[in-house]
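Novice: From the sequence below, what's the structure:
(one chain, ligands or ions: 1)
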Amino acid sequence: MEKTFVIARCVRCGRFLLSKAGVKTKICPYCNARFVLDRAAAVAWSESAQKARQMLAELKKRHAGANER
Ligand SMILES: [Zn+2]
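Specialist: The predicted model follows:
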């Protein structure tokens, strides 16, 4: 099955963000850092936007407080 959504972690601020698969670079909406969306940055894949958003919410919950606020 094709994975069309990627959850990536910003290399600068460490926050999680949602992106479409196939995108090469991504600009972080939180700190404006531009980084390459490769295997190092991607943490999860999903074939549906709904699922991806759910995963993103869980990751944010799990990491709440662990990163800068
Ligand atoms: Zn960032």
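Novice: Let me see the contact set for the residue nearest to the spatial centre of the chain.
Specialist: With distances taken as CA atoms, centre = their mean, the residue of the chain nearest its centroid is residue 8 (2.5 Å). By CB atoms under 8 Å, 6 or more residues apart in numbering, the contact list for residue 8 reads 16, 17, 18, 19, 26, 37, 41, 42, 43. C-beta: built from backbone N, CA, C; applies to glycine.
Novice: So for stretch 19-31, mean pLDDT?
Specialist: Across stretch 19-31, the average pLDDT comes to 94.
Novice: List the contacts of that stretch.
Specialist: With CB under 8 Å, 6+ apart as the test, stretch 19-31 has contacts from 2-8, 10, 12-13, 15, 17, 33-37, 41, 45.
Novice: What is the linear distance spanned by that stretch between its boundary residues?
Specialist: 16 Å (CA to CA, to the nearest Å).
Novice: and what of stretch 16-30?
Specialist: 10 Å.
Novice: quick thing: my sequence starts at 23, can you match it?
Specialist: Done: numbering now begins at 23, and the last item shifts to stretch 38-52.
Novice: quick check, that stretch touching the ion?
Specialist: Yes - using CB under 5 Å from the ion, stretch 38-52 reaches the ion at 50, 52.
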